[in-house]
Each structure stands twice: as structure tokens, then as C-alpha cells.
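>>> predicted model follows, preceded by the sequence.
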Amino acid sequence: MIALSNTPVLETERLILRAPVATDYPVYAAFMAGDRCRWVGGPQAERESFRSFAAIMGHWILRGFGQFVITDRRSGAVLGQAGAWFPAAKPEQEIGWHIWAPEAEGQGIAYEAALAAREYVFGPLGWTTAVSYIATDNTRSAALAARMGAVIDRDATPMEAPFPIDVWRHPNPRSLA
């Protein structure tokens, strides 16, 4: 299997966050084919989900950082994605997360992964600010952002989307210590 090289691996108590590989695609495609992805551009047909997965992988090459694939530390099961995101169309650097595997929802997986991603962006990547673009009606992601200490920044530039978006500004954990 061909894999991205020189990409970091993040570890938490229950998770390993690593670069995406081709064998992650079926779990991603299943997520993107259903209604659970409505806040991230779906549902998508196979053609579109392949392109969006390729964008996740290509982001690492173009930017030098990207979305990690979240895996279960014990089983290796692919659960979702979390990490740094800054494609050309986004106004600001973002911390994003999605749980692909329905059985992983409601387990604190996204929170654990998003905290690790936040440490990474404010640590090794050296970001001084980060946001999360969250659909106003996506109450679960909004609750996660709030749990992380993020607040809605009404002065921030929203991204374009087919539905209202709130910009959640994350605290720099290094300035909280």
C-alpha cells in the first residue's frame, strides 16, 4: 500500500490519528453516501466522494498538513477524521472533525481527536489562531466546539455554504496554561 510519507502520527488514550491511506476510502465513501454527512457537502455520489477523499490526501502534499484519519488504538478500525484544514476557499485556518463510523458517534471520539488536533496546530504547526466552521443547525459539532472552549466569533469572515455557518474561534491552549 502506498502511503503519504513524513506525516506525523498523534496518539491519545484510545486513538491513533494518522495520515489517510487508500484503504480508508470505503469507510469514508459510506459516510459520504448517507445523510450523516449533510453538514459537510453530502450526501455525495461515488464520483464526488472519491474526489473529496483525494482532496483530503492531497491537502497534505499541498499544505504540509491536513486531516488525520482517526483509528481505534486497539482494533485499528477507521472511525473518522480530525485535523488542520485550510483549502483555498476557506477564509481562515480550521480545525475540523467528522466521525465516519456510525458506531463511533456519542463515544467522545471526536472530542478526543479534536483536542489532539488542536494541540498539534497550536504546537508543532505554530498556528496562533484557528477556527471551526460549523453549520448553525449542527448542534452536536457546536456542542463539541463549546466543550473545547471555542466561542462564536461574530466578527470573523464566514465561509460560503448552502446553509448558515457559525465561525467558532478556538483558544490557544498554550495561552491558557
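Cool, got the structure.
>>> only C-alpha atoms from now on, for both contacts and neighbour counts.
OK.
>>> any low-confidence regions in the chain?
Scanning the chain for pLDDT under 70 picks out 1-3, 176-177.
>>> in it, which strand has the most residues?
strand 78-85 (DSSP state E).
>>> so which residues make contact with that one?
Strand 78-85 is touched from outside by 17, 24, 27-28, 59, 65-72, 93-101, 104, 110, 113-114, 117-118, 121, with contacts defined as CA atoms under 8 Å, 6 or more residues apart in numbering.
>>> mind giving me the ChimeraX select for these, buried ones only?
Listed next is the ChimeraX selection for buried residues among the contacts of strand 78-85, using 16 or more other CA atoms under 10 Å:
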select :17,24,28,59,65,66,67,68,69,70,71,72,93,94,95,96,97,98,99,100,101,104,110,113,114,117,118,121
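>>> what's the spacing between Pro173 and Pro26?
Counting by CA to CA, to the nearest Å, the separation of Pro173 from Pro26 is 34 Å.
>>> quick one: the strands in this structure?
Under DSSP E, the chain gives strands at 10-11, 15-18, 67-72, 78-85, 94-99, 131-135, 151-152, 165-169.
>>> with distance to Ala145 added, can I get those in CSV?
As requested, those are exported to CSV (distance: least, CA to CA, whole Å):
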stretch, distance to Ala145
strand 10-11, 20
strand 15-18, 19
strand 67-72, 17
strand 78-85, 13
strand 94-99, 10
strand 131-135, 8
strand 151-152, 8
strand 165-169, 7
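>>> for the longest strand of the chain, C-alpha coordinates in CSV please.
The C-alpha coordinates for strand 78-85 follow below in CSV (Å, rounded to 0.1, in the frame of the first residue of the first chain):
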residue,chain,number,x,y,z
VAL,A,78,-11.2,3.6,10.9
LEU,A,79,-13.6,6.0,12.7
GLY,A,80,-13.3,9.4,11.1
GLN,A,81,-11.1,12.4,10.5
ALA,A,82,-9.8,15.3,12.5
GLY,A,83,-7.1,17.9,12.0
ALA,A,84,-5.9,21.0,10.3
TRP,A,85,-7.7,22.2,7.2
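>>> compute the inter-axis angle for it and strand 67-72.
If you take axes from the mean of the first three to the mean of the last three CA atoms, to 10 degrees, strand 78-85 sits at 150 degrees to strand 67-72.
>>> strand 78-85 pairs with which strands?
According to DSSP bridges, strand 78-85 forms sheet pairs with strand 67-72 (antiparallel), strand 94-99 (antiparallel).
>>> and stretch 165-175, how far out from the chain middle?
Relative to its parent chain, stretch 165-175 has a centroid offset of 14 Å by CA atoms, centre = their mean, to the nearest Å.
>>> CA atoms of it as CSV?
C-alpha atoms of stretch 165-175 as CSV (Å, rounded to 0.1, in the frame of the first residue of the first chain):
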residue,chain,number,x,y,z
ILE,A,165,-22.4,28.8,9.2
ASP,A,166,-21.1,29.9,12.6
VAL,A,167,-17.4,30.6,13.0
TRP,A,168,-16.1,29.1,16.3
ARG,A,169,-12.8,30.6,17.5
HIS,A,170,-10.6,28.2,19.4
PRO,A,171,-8.5,29.3,22.4
ASN,A,172,-4.8,28.7,22.1
PRO,A,173,-4.1,26.0,24.8
ARG,A,174,-0.6,27.4,25.2
SER,A,175,-2.0,30.8,26.3
